[in-house]
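>>> okay, predicted coordinates and the sequence, questions at the end:
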Amino acid sequence: MIVSQVLTSGNLDETIAFYQHVFDDVEVLEAHDFGSSSDNQFRHVKMLQHEFYLMNGGEVTSKIPALFYMIVFPEDRREALEAMHGKLREGGRDLSHVKDMGFSEDLFMLQDKFGLVWHFWSDAHCETPVILPSMVMSDDLVGKLEDLKSFYENVFEHVEFGAPSYLENGILDHVSIKLLNHELQVCETREKGLFSLNTISSLNIGCKTQDEIDRYAEALGDQLYPGGWLKDKMGVVWCVDWPEMLTLLTVANKRQEEAMSRFIVWV
């Protein structure tokens with residue numbers, strides 16, 4: 001199972017309170033506080049029908065995460081979408097200048113104060129508001145959709161690619177990719193040096209066995225880091241994870257925590 005993963009700074013309950021203010025539809029499915037530091041937190045949340053793992057350790061950088069989130073509302077609820085856009089802008093960064101991705105002048109892309117990037121769309125065919133995880137291919141990835149397709153088809157047993165659509169300038173406008181249970185919307189931009197595939201927004205694969213962990217780590221891993229983190233050959237950051245580790249960290253005594261912490265290192 002693949003889940004959207006967010007590595008952010010600060011207290012996660014304050015982060016969740018902000019998103020509750022924005023979406024008014026946030027459910028905490030699982031919560032763990034572990035370690036000797038009160039900042040070591042994990043929250044499994046659902047926002048507008050999409051599940052996220054939230055963890056401490058990240059920070060907002062000048063590089064914008066290339067994994068972002070599209071908020072789609074029914075056309076007849078556009079006013080609510082515009083109000084949500086305004087709330088997410090509080091303390092964030094305006095990205096309306098990004099080329100090839102300006103859907104509208106009033107609903108432009110932005111980065112919120114916790115580092116997540118959001119785009120917005122109102123659609124007559126949308127029945128209920130949803131969040132769609134998305135990826136922008138920029139710099140060296142432009143034009144490499146077939147490489148992306150071939151790579152993930154060799155990694156995952158269940159991969160579905162939709163029909164791609166292109167802008168008049170030849171840039172990929174949109175294609176839908178489904179990896180196991182996780183659907184990702186992919187687009188391109190010719191904007192240089194702005195986007196970065198990093199741990200602020202990444203993907204988590206929950207594995208049940210060591211064999212499964214080893215298989216995904218070997219198939220995906222172009223660059224390997226401690227704690228199950230890796231970056232694949234397309235640049236996407238993953239955490240190949242055994243979810244029960246969080247339970248162990250929650251109940252560990254100080255000596256056990258220190259032993260496990262040598263293996264749990266955020267990149």
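Yep, that arrived. Just so it is clear, the structure is predicted and the values come from calculations on it, not from any experiment. Numbering: from 1, shown residues only.
>>> any stretches of the stretch 1-150 of the chain with poor pLDDT?
By pLDDT under 70, the weakly predicted segments of the stretch 1-150 of the chain are 35-39.
>>> on the three-state scheme, residue 45 is what?
Here residue 45 is strand, with the state taken from DSSP: H, G, I helix; E, B strand; the rest coil.
>>> tell me the confidence at the residue most central in space within the chain?
A centroid search over the chain (CA atoms, centre = their mean) returns residue 201, at 3.8 Å, as the residue closest to the centre. In this model, residue 201 is scored at 93, pLDDT.
>>> my guess is it contacts residue 68, does it?
Yes. Taking CB atoms under 8 Å as the definition, residue 201 is a contact partner of residue 68 at 6.7 Å. (Glycine included, C-beta is placed from N, CA and C.)
>>> overlap in contacts, the two.
The contact sets of residue 201 and residue 68 overlap at 116, 117 (CB atoms under 8 Å, 6 or more residues apart in numbering).
>>> so residue 122 makes contact with residue 81?
Yes. If you go by CB under 8 Å, residue 122 and residue 81 touch, sitting 5.6 Å apart.
>>> residues shared between the contacts of those two?
Residues touching both residue 122 and residue 81 (CB under 8 Å, 6+ apart) are 73, 107.
>>> now residue 147. Nearest residue, chain neighbours left out?
In space, and not counting its chain neighbours, residue 147 is closest to residue 234: 7.3 Å by CB to CB, 6 or more residues apart in numbering.
>>> before we move on, what SS does the one you found have?
Per three-state DSSP, residue 234 ends up coil.
>>> what residues are up against it?
141, 144, 147, 148, 151, 197.
>>> quick check: the fourth one is in a strand.
No. The secondary structure assignment for residue 148 gives helix rather than a strand, going by three-state DSSP.
>>> was I right about it contacting residue 186?
Yes. Counting by CB under 8 Å, residue 148 touches residue 186, with 7.3 Å between them.
>>> give the contact list for the nearest residue to residue 9 once chain neighbours are set aside.
Counting by CB to CB, 6+ apart, residue 59 is the residue found nearest to residue 9 once chain neighbours are left out, at 4.9 Å. For residue 59, the contact set (CB under 8 Å, 6+ apart) comprises 8, 9, 115, 200.
>>> the second one reaches residue 58, doesn't it?
Yes. Between residue 9 and residue 58 there is a contact under CB under 8 Å: 5.9 Å.
>>> so these two - more neighbours on which side?
Neighbours per residue (other CB atoms under 10 Å) separate residue 9 from residue 58, with residue 58 holding more: 23 against 15.
>>> I'd like the contacts of residue 234 as a markdown table, with neighbour count and distance to residue 213 appended.
Shown next, in a markdown table, are those (neighbours: other CB atoms under 10 Å; distance: CB to CB, whole Å):
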| residue | neighbour count | distance to residue 213 |
| --- | --- | --- |
| 141 | 20 | 27 |
| 144 | 15 | 28 |
| 147 | 12 | 25 |
| 148 | 21 | 23 |
| 151 | 19 | 19 |
| 197 | 22 | 22 |
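>>> out of those residues, which is nearest to residue 4?
Using CB to CB, residue 197 is the member of the contacts of residue 234 that sits closest to residue 4, with 13.8 Å.
>>> these two touch, right, that closest one and residue 232?
No. Counting by CB under 8 Å, residue 197 does not reach residue 232; the two are 9.0 Å apart.
>>> burial measure for residue 23, as a count.
The number of residues packed near residue 23 is 16, by other CB under 10 Å.
>>> meant to ask about residue 74, not that
Neighbour tally, residue 74, other CB under 10 Å: 16.
>>> tell me what it is bridged to.
For residue 74, the beta-bridge partners are residue 123 (DSSP bridges).
>>> cool, residue 3 as well?
Under the criterion used here (DSSP bridges), residue 3 is bridged to residue 204.
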